[in-house]
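Student: after the sequence you'll find the predicted model.
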Amino acid sequence: MHIARESRNGRLAQGKEIALKQNLNEPYLEQIMIPLRRSGLVRTVRGRNGGYGLGKEPGAVTLYDIIQIFEGDPEGTESNEKFIATKDKNPVDAVWSELAQVVNAVARDRTLESMLDSNILAEPEYVI
């Protein structure tokens, strides 16, 4: 979200700043960025004023898209097919299958833009 917020403001997000805010070390952050760059979701600019920016408009990127980058297609997984095949036999699997469907529906409905527009992800303001 940091990258989306900075991109919206016409700036690139600095790797050091992202790592600090997300409590990650930079080499790990760089590993996370590899699939995001390959998918075209994130672009990188090298150099002194370089950083990370969005490769697509925030309204065109859903949470489902991001899940797919890291986890593959959540609806085409072997475990999900197992849930569908056994849901009449095992009520716990049926519940997990329903939960997965709800999560996928919400993830498809939420874009980076909608999350930026909500106050959920707003930077905290400290007033003294």
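Tutor: Looks like it arrived, so ask away.
Student: drop to CA atoms for contacts and neighbour counts, all remaining ones
Tutor: OK.
Student: give the next helix or strand downstream of the strand or helix carrying residue 17.
Tutor: Per DSSP states H and E: residue 17 is located in helix 15-22. Downstream of helix 15-22, the next assigned helix or strand under DSSP H and E is helix 26-38.
Student: pLDDT value on the closest residue in space to residue 14 that isn't next to it in sequence, please?
Tutor: Using C-alpha to C-alpha, 6 or more residues apart in numbering and skipping the chain neighbours, the partner closest in space to residue 14 is residue 51 (4.7 Å). On the pLDDT scale, residue 51 is placed at 93.
Student: specify the beta-bridge partners of residue 51.
Tutor: Note on residue 51: beta-bridge partners by DSSP bridges are residue 45.
Student: just name the shakiest helix or strand of this structure by mean pLDDT.
Tutor: Least confident element among the helices and strands of the chain, by mean pLDDT, DSSP states H and E: helix 78-86 (a mean of 54).
Student: output the longest helix belonging to the protein.
Tutor: helix 91-109 (DSSP state H).
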